[in-house]
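# sharing a sequence plus its predicted fold:
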Amino acid sequence: MIDEQLINESLPYGIIHPQALWKTLWNITMLIIIVFLAISVPHRIAFEDVTPLEWIYVDTIIDFLFIFDMSLNFFTAIEMDSGEVIGDRR
């Protein structure tokens, strides 16, 4: 992906580079969870009368992951079309 030293030098402390490997893997994980929910929720609505307790736990964990992902995005830099990475907190 991108050199970790370049990532650490060019952004202020606490700002995440949008091309960091772990951030890319996190985004892929979130995509997989969204696809899972897009399939499982309509199936459960159509074919299950009562939601089992296990699904409530899974849904709660996924909700917290989405909240964490949303707050993580507030600390992610923006990459412009020109390739410039803007890490300003404003």
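That came through, no problem. Just so you know, these numbers come straight off a predicted model, no measurement behind them. Numbers count the residues shown, from 1 in each chain.
# only C-alpha atoms for contact and neighbour calcs from this point on.
Fine.
# so in the protein, which helix runs the longest?
helix 21-47 (DSSP state H).
# quick one: buried residues of that one?
Lys23, Met30 (16 or more other C-alpha atoms under 10 Å).
# work out the gap between that helix and the centre of the chain.
How far helix 21-47 lies from its chain's middle: 11 Å, per C-alpha atoms, centre = their mean, to the nearest Å.
# show me what it packs onto, helices and strands only.
On a contact count with 3 or more C-alpha pairs under 8 Å, 6 or more residues apart in numbering; DSSP states H and E, helix 21-47 meets no helix or strand.
# tell me the helix or strand right after that helix.
helix 53-73 (DSSP states H and E).
# tell me how far Ile86 lies from Pro18.
For Ile86, the distance to Pro18 equals 10 Å [C-alpha to C-alpha, to the nearest Å].
# cool, Ser10 as well?
Taking C-alpha to C-alpha, one finds Ser10 at 12 Å from Pro18.
# equivalent analysis for Gly83, please.
11 Å.
# count of neighbours near Ile16?
21 (other C-alpha atoms under 10 Å).
# okay, now the nearest residue to it once chain neighbours are set aside: neighbour count?
Nearest non-adjacent residue to Ile16, counting by C-alpha to C-alpha, 6 or more residues apart in numbering: Thr76, 4.5 Å away. Thr76 has 20 neighbouring residues, counting by other C-alpha under 10 Å.
# which ones are touching Thr76?
Ile15, Ile16, His17, Pro18, Gly87 (C-alpha atoms under 8 Å, 6 or more residues apart in numbering).
# ok, now with 7 Å
Thr76 makes contacts with Ile15, Ile16, His17, Pro18, as judged by C-alpha atoms under 7 Å, 6 or more residues apart in numbering.
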